[in-house]
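Asks: Give me coordinates for this.
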Amino acid sequence: EPVHGRHLRRSSTSRSRVLASPTVTESSPSAPHPALPERPPFVVRARVLTPTSDGGTTFHAAGIVEVDATGHIAWVGPAGEHERAAKRRPDAVSASGGSPSPVADLRPLVLLPGMVDLHAHLPQLPNAGLGAGLDLLSWLRRYIFPLERRFADAGDAAALAPAAFRAFAAAGTTTVLAYGAVYAASMDGSFRAAEAHGIRAILGKVMMDRLTYDEDIVPSSILDQSVRETEELCARWHGAADGRLGYAVTPRFAVSCTAEMLHASAEIAARTGAWWQTHVSEDPGEIAEVARLFPEALDYVDVYDRAGGLGRRAVLAHAVRLSDRELARLVETDTRVAHCPASNLFLASGIMPLARYLEAGLGVGLGSDVAGGPDPSMFSVMRVGAYAQNARRTLLGESFTPLAPLDWLRMGSLAGAKALGLDDRIGSLEAGKEADLILVDAGLTAPVRHADHGEPPHEQIDNDPADIASRFIFRAHPDMVRGAWVRGRRLDGPGLVSGA
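Replies: Presented below is the predicted three-dimensional model:
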């Protein structure tokens, strides 16, 4: 499926500004949340903006999303059409066949699909924003390995993981693919935190046997112990919470893993149906070190190919500097890539030639890569990605059509779901999918607010979906996500920044 949305469907062609109505005004930053549904079933009225599975985008200026008792989207469309359909149904029957729920009117807030973060590091979140200007390997040694060494047991996970999941939800992320540390106990604790929080999470204990920061493990036992712990965690958590939780077998990267560990990790993933995640082609020094450690390999991607790691369940982070051969092989094997532009610029690793990759047919979604990326918000990642691609066009003279705001929105949601093989369940607001959605306050993205000078308290926001998406990306506000749901159950997190 292409990232570019080829067509836009509106339920209304009106260009009127919603905030011009005296009965519909944007809430101020200090106002409390409107009454938000806590669990399914429910029906909400709002502006609805979503990519669709056919490659398009749908926008309803006055839309309805109905969520059934199982947490699936039973109906989505214009409010008027929903009202007409309700009148045609027998009394006391909803679109899902159950008792109708009262409509929660959340206008003029915007409903979007929940964002999908394809690459993050749970124990690194406290160091977000630290280490600017260092190269990757120096940053790992100075900031990251010492931090991950302290993420050792269930108590460490209990202290950090719940707050991390709240932070992801507050940023609008409802699905996260993340690395833990090398310790099984903290990984188990992180899964327990995800289970309790309600986020959709695919997690994995980091595997490292060529080098490690675990000072207590016997070097000769690293491989066998890491494989055993990975298998036990995968058996316990892959598919848990009725499929909301998943396991990703996680060899850190080729610099820290022997060929034996890479092969063993890929075999576990293939045998269990788990995901397989690692890093590739991020930094020039890293690429040179991989070539030194694996002289028999054709290139960096070939190291993972020889291990059996490539395929549609594999997500490789970064891929900034792929050769033509590497790109063709990833496309051939249907391997997916997490594009992490904020991290790549923060650590001066490079700028992915995204247009070249998309033209070749590579499956690409977005990743925050916290703490390499300084912000867990996927909207911030979209912004940096757009700037980075413009830099390639202007500084390198590359000729390509840049992604538009709605394309970036798709990449942060439906394209990420597709990279995980979950696009039949999540990534867009379409009937039959699970109700992973977020509620966003477009008014908080306005460059000028007039809360002290009468209504409307915010600059009026036009009903143009591309403009709404552009403001979310280029003027993202830390409080703009007012609610987040997975399977229709509201997540803790949104509102914590301001206390709203």
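
Asks: Within its sheet, name the partner strands of the helix-or-strand element of the chain with minimal mean pLDDT and how each one runs.
Replies: Within the chain, confidence by mean pLDDT, DSSP states H and E is lowest for strand 8-10 among all helices and strands, at a mean of 76. If you go by DSSP bridges, strand 8-10 pairs up with strand 57-67 (parallel).

Asks: Who are the packing partners of the helix or strand just after the strand it pairs with?
Replies: Proceeding N to C from strand 57-67, the next assigned helix or strand is strand 73-78, under DSSP states H and E. In terms of contacts (3 or more Cβ pairs under 8 Å, 6 or more residues apart in numbering; DSSP states H and E), strand 73-78 is packed against strand 57-67. For glycine as for every other residue, the C-beta is placed from the backbone atoms N, C-alpha and C.

Asks: average pLDDT for the strand it packs on?
Replies: Averaged across strand 57-67, the pLDDT comes to 97.

Asks: ok, back up a step: name the next helix or strand following the least confident helix or strand of the chain along the chain.
Replies: strand 42-51.

Asks: Now find how far off-centre stretch 394-409 is within its chain.
Replies: Averaging C-alpha positions (Cα atoms, centre = their mean, to the nearest Å) puts stretch 394-409 21 Å from its chain's average.

Asks: which residues sit in contact with residue 250?
Replies: Counting by Cβ atoms under 8 Å, 6 or more residues apart in numbering, residue 250 touches 179-180, 204-207, 230, 265, 276-278.

Asks: Flag the shaky bits of the stretch 301-450 of the chain, pLDDT-wise.
Replies: Residues of the stretch 301-450 of the chain meeting the criterion pLDDT under 70: 449-450.

Asks: show me where it has strands.
Replies: Per DSSP state E, counting those that start in this stretch, the stretch 301-450 of the chain carries strands over the ranges 314-318, 336-339, 363-366, 437-440.

Asks: Next, count neighbours for the nearest residue to residue 471 once chain neighbours are set aside.
Replies: Among residues not flanking residue 471 along the chain, residue 445 sits closest, at 3.9 Å (Cβ to Cβ, 6 or more residues apart in numbering). By other Cβ atoms under 10 Å, the residues close to residue 445 number 21.

Asks: what does the one 3 residues further on give?
Replies: By the criterion of other Cβ under 10 Å, residue 448 has 6 neighbours.

Asks: From residue 475, how far out is it?
Replies: Taking Cβ to Cβ, to the nearest Å as the criterion, residue 448 is separated from residue 475 by 11 Å.

Asks: and stretch 371-384, C-alpha only, in PDB?
Replies: What follows is stretch 371-384 as a C-alpha-only set of coordinates in PDB (Å, rounded to 0.1, in the frame of the first residue of the first chain):
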ATOM      1  CA  ALA A 371      16.000   8.400  23.700                       C
ATOM      2  CA  GLY A 372      18.000   8.700  20.500                       C
ATOM      3  CA  GLY A 373      15.000  10.700  19.400                       C
ATOM      4  CA  PRO A 374      14.300  13.400  22.000                       C
ATOM      5  CA  ASP A 375      10.500  13.300  21.900                       C
ATOM      6  CA  PRO A 376       8.000  10.300  22.000                       C
ATOM      7  CA  SER A 377       5.400  12.200  20.000                       C
ATOM      8  CA  MET A 378       4.900  10.800  16.500                       C
ATOM      9  CA  PHE A 379       3.700  14.200  15.400                       C
ATOM     10  CA  SER A 380       7.100  15.600  16.300                       C
ATOM     11  CA  VAL A 381       8.700  12.800  14.400                       C
ATOM     12  CA  MET A 382       6.600  13.700  11.300                       C
ATOM     13  CA  ARG A 383       7.700  17.300  11.500                       C
ATOM     14  CA  VAL A 384      11.400  16.400  11.600                       C
END
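
Asks: Could you give me the buried positions within it?
Replies: The neighbour-count check on stretch 371-384 (16 or more other Cβ atoms under 10 Å) flags 371-384 as buried.

Asks: surely residue 293 meets residue 255?
Replies: Yes: between residue 293 and residue 255 there is a contact at 6.8 Å, judged by Cβ atoms under 8 Å.

Asks: so residue 146 is in which element?
Replies: helix 145-149.

Asks: ugh, wrong one, residue 155
Replies: Using DSSP H and E, the element containing residue 155 is helix 154-170.

Asks: So which other helices or strands are in contact with that helix?
Replies: When contacts are defined as 3+ Cβ pairs under 8 Å, 6+ apart, helix 154-170 sits against helix 184-197, strand 481-486.

Asks: among these, which is the most enclosed?
Replies: Neighbour counts (mean count of other Cβ atoms under 10 Å) averaged over each of the helices and strands packed on helix 154-170 peak at strand 481-486, with a mean of 27.

Asks: what mean pLDDT would you report for that strand?
Replies: Rounded mean pLDDT across strand 481-486 is 97.

Asks: just stretch 227-243 next, same as before
Replies: Across stretch 227-243, pLDDT averages out at 98.

Asks: likewise stretch 41-52?
Replies: Average pLDDT, stretch 41-52: 97.

Asks: distance between it and the chain's centre?
Replies: That offset, for stretch 41-52, works out to 19 Å (Cα atoms, centre = their mean).

Asks: Just give the number of residues close to residue 167.
Replies: Residue 167: 18 surrounding residues under other Cβ under 10 Å.

Asks: go on, the one 4 residues further on?
Replies: Residue crowding around residue 171 was assessed by other Cβ under 10 Å; the count is 27.

Asks: list the contacts for residue 153?
Replies: Contact partners of residue 153, counting by Cβ under 8 Å, 6+ apart, are 183, 185-186, 189.

Asks: from the residues you listed, which is closest to residue 431?
Replies: Relative to residue 431, the closest of these is residue 189; by Cβ to Cβ it sits at 37.0 Å.

Asks: Please tell me how far the closest one sits from residue 122.
Replies: Between residue 189 and residue 122 the computed distance is 10 Å (Cβ to Cβ).

Asks: for residue 393, same thing?
Replies: Noted for residue 393: a distance of 35 Å to residue 122, by Cβ to Cβ.

Asks: Residue 81 now?
Replies: Distance of residue 81 to residue 122, computed by Cβ to Cβ: 42 Å.

Asks: Let me know the closest of the contacts of residue 153 to residue 200.
Replies: residue 189 (18.2 Å).

Asks: List the residues that contact the closest one.
Replies: Residue 189 makes contacts with 153-158, 161, as judged by Cβ under 8 Å, 6+ apart.

Asks: one step back: which of residue 81 and residue 122 has more neighbours?
Replies: Each of residue 81 and residue 122 has its neighbours counted (other Cβ under 10 Å); residue 122 has more, 26 against 14.

Asks: so the more buried one touches residue 164, yeah?
Replies: Yes: look at residue 122 against residue 164 with Cβ under 8 Å: they come within range, at 5.4 Å.

Asks: how far away is the nearest residue to residue 351 once chain neighbours are set aside from residue 342?
Replies: The shortest distance from residue 351 to any non-neighbouring residue, by Cβ to Cβ, 6+ apart, is to residue 388 (4.7 Å). To residue 342, residue 388 is 9 Å away according to Cβ to Cβ.

Asks: For these two, indicate the residue with more neighbours.
Replies: Each of residue 388 and residue 342 has its neighbours counted (other Cβ under 10 Å); residue 342 has more, 26 against 18.

Asks: ok now do the more buried one, which residues does it touch?
Replies: By Cβ under 8 Å, 6+ apart, the contact set of residue 342 is 368-369, 373-375, 380-381, 384-385.

Asks: what do you get for residue 266?
Replies: Residues near residue 266 by Cβ under 8 Å, 6+ apart: 249, 276, 304, 307-309.

Asks: That one: helix or strand, and which one exactly?
Replies: Counting by DSSP H and E, the element that carries residue 266 is helix 259-272.

Asks: For the next helix or strand after that helix, name the packing helices and strands.
Replies: Downstream of helix 259-272, the next assigned helix or strand under DSSP H and E is strand 275-280. For strand 275-280, the packing partners by 3+ Cβ pairs under 8 Å, 6+ apart come out as strand 173-179, strand 200-204, strand 245-251, helix 259-272, helix 300-307, strand 314-318.
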